[in-house]
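**Student:** whatever this is, show me its structure:
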Amino acid sequence: MGSGRWAGVPRSVRWIVAAAAAVFAYGGVVHLLDLFGGRVGPPASTPAWLSLYFLSLTVLDPLAALLLALRRVEGLVLGCVVLTTDALANGYANHVLDRAEGITAGRIGQAVIAVLAVALVVTAPRVAPWLEPTSRRGPADRSNGSPRTRLQER
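**Tutor:** Take a look at the predicted model:
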């Protein structure tokens with residue numbers, strides 16, 4: 001990530017984006033395994049809307065990872081939305097629907113997702129200026145994407 005598309009981007013921003021992309025790639029794999037038999041799946045009592053949401057993550061997680069790897073701000077926005085809603089959905093599934101007492105694996109997982117969501121949302125304002133929006137301009141028309149260059153373009 002140090003050259004080409006990522007030239008001029010601070011190392012800390014590259015690390016944040018790489019970590020977020022890895023989290024979403026991992027999430028995509030986990031949801032695909034859930035879908036294709038790696039796990040039993042949600043209980044029959046899980047509402048259809050919640051099952052559909054978790055199913056949608058098989059597409060949304062890898063899409064966020066790809067967009068982040070391509071240095072697109074849309075990947076950051078999608079990532080913040082996905083992690084936040086994933087934490088909320090898992091919170092509902094593990095604290096409202098799951099009648100188990102105490103700490104469960106699902107509740108630990110939900111806490112981890114919530115921490116990741118907060119971390120990404122908190123770092124987003126630092127990362128966003130270094131990412132490029134999708135535009136209709138050709139590659140030759142794009143600047144290096146740094147905040148300083150963007151201000152000069154205005």
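**Student:** regarding the protein, what is its longest helix?
**Tutor:** Counting by DSSP state H, the longest helix found in the chain is helix 11-35.
**Student:** show me what that helix is in contact with.
**Tutor:** 1-2, 6, 38-39, 41, 54-55, 57-58, 61-62, 64-65, 68-69, 71, 75-76, 79, 82-83, 86, 116, 120, 123, 126-127, 130-131 (CB atoms under 8 Å, 6 or more residues apart in numbering). Every C-beta, even on glycine, is put in place using the N, C-alpha and C of the backbone.
**Student:** buried subset of the residues you listed?
**Tutor:** Among the contacts of helix 11-35, those scoring as buried are 1, 6, 54, 57-58, 61-62, 64-65, 68-69, 71, 75-76, 79, 82-83, 86, 116, 120, 123, 127, 130-131 (criterion: 16 or more other CB atoms under 10 Å).
**Student:** quick one: the helices in this structure, in order.
**Tutor:** Using DSSP H, helices in the chain cover 11-35, 48-69, 73-91, 105-127, 147-153.
**Student:** and the first one, what's its mean pLDDT?
**Tutor:** Per-residue confidence for helix 11-35 averages out to 94 on the pLDDT scale.
**Student:** same question for that helix: list its buried residues.
**Tutor:** 13-14, 16-17, 20-21, 23-25, 27-28, 30-31, 34.
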